[in-house]
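S.K.: Take this sequence and fold it.
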Amino acid sequence: MTEDDFDFGGIEIADPETFSYGSKDNTFNHSVLVMRAYQKAQDALSKEKIEGFWDTKRDNLGNIFNIYHPDTRREAIETVKTLKNCMMADIQDTEYEEEINKLLEEINELYKTYLEMQKEWWESLRVQERESNKLFKPYISAEKLYEKGTFYQDYLYAVVEVYRKIFEQLELCLANHKRYYKRSKVTA
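M.R.: As a prediction, this is how the structure comes out:
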């Protein structure tokens, strides 16, 4: 299939591989940075969401080595944050910025909710149960979510869903922003 096999209604989709980071006079190319951040966010959001883990492997000589598989939830969140930061000038003073700010506030409320759930759980434990869950105690005292605990893991899954909504707002902004698309010449 070639580019000519698709009809985009007179809009030519730019290929990031053909871009360079500067023009003739070495100016900054905002469109390329946004496109690359967009592609990374899209790739990260399309992966299965799993917690990071270490894996032990052996090479052909029998040597053992550890490989870390990153947490795909955190990757997705960070790539959307990066895209949002790249697009700050594009979303400034728009309805997209308002919606994104509401969604960011929703994340703060989610944290408070899961923190309260963790605290209620801790307070419901008996002394013996608290002893077996002693790793939670410093986090309870500091009013933070324990990263290895179920409340934090559930919180991360919820936050990814909110960042999907933020990504959607950024996509809508891109679709409505004419500078990211160039018109192709229609030949009859």
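
S.K.: Pull the contacting residues for the nearest residue to Leu33 once chain neighbours are set aside.
M.R.: Using CB to CB, 6 or more residues apart in numbering and skipping residues adjacent in sequence, the residue nearest Leu33 is Cys86, 5.3 Å away. All C-beta atoms are positioned from the backbone trio N, CA, C, and that covers glycine. Residues in contact with Cys86 (CB atoms under 8 Å, 6 or more residues apart in numbering) are 30, 33-34, 37.

S.K.: Tell me how many other residues crowd Lys137.
M.R.: Here the number of neighbours of Lys137 (other CB atoms under 10 Å) works out to 13.

S.K.: ugh, wrong one, Ile67
M.R.: A count of nearby residues for Ile67, using other CB under 10 Å, gives 9.

S.K.: That one: what secondary structure?
M.R.: Here Ile67 is strand, with the state taken from DSSP: H, G, I helix; E, B strand; the rest coil.

S.K.: the strands in the protein, which residues?
M.R.: 11-12, 53-58, 64-69, 182-183 (DSSP state E).

S.K.: highest average neighbour count across those strands?
M.R.: Among the strands of the chain, strand 11-12 has the highest mean neighbour count (mean count of other CB atoms under 10 Å), at a mean of 12.

S.K.: which residues are contacting stretch 149-161?
M.R.: With contacts defined as CB under 8 Å, 6+ apart, stretch 149-161 is touched by 49, 51, 71, 73-74, 76-77, 107, 110-111, 114-115, 117-118, 121, 136, 139, 145-146.

S.K.: Redo the contacts of Cys86 as TSV? Include neighbour count and pLDDT.
M.R.: Formatted as TSV, the contacts of Cys86 follow (neighbours: other CB atoms under 10 Å; pLDDT from 0 to 100):
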residue	neighbour count	pLDDT
His30	14	80
Leu33	16	86
Val34	21	87
Ala37	20	90
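
S.K.: Could you list which of these belong to helices?
M.R.: 30, 33-34, 37 (DSSP state H).

S.K.: Can you give the distance from stretch 162-175 to the centre of its chain?
M.R.: How far stretch 162-175 lies from its chain's middle: 11 Å, per CA atoms, centre = their mean, to the nearest Å.

S.K.: Please apply the same query to stretch 83-99.
M.R.: 15 Å.

S.K.: Give me the mean pLDDT for it.
M.R.: Across stretch 83-99, the average pLDDT comes to 90.

S.K.: May I see the buried residues of it?
M.R.: Across stretch 83-99, burial judged by 16 or more other CB atoms under 10 Å covers 83-84, 86-87, 90-91, 96-97, 99.
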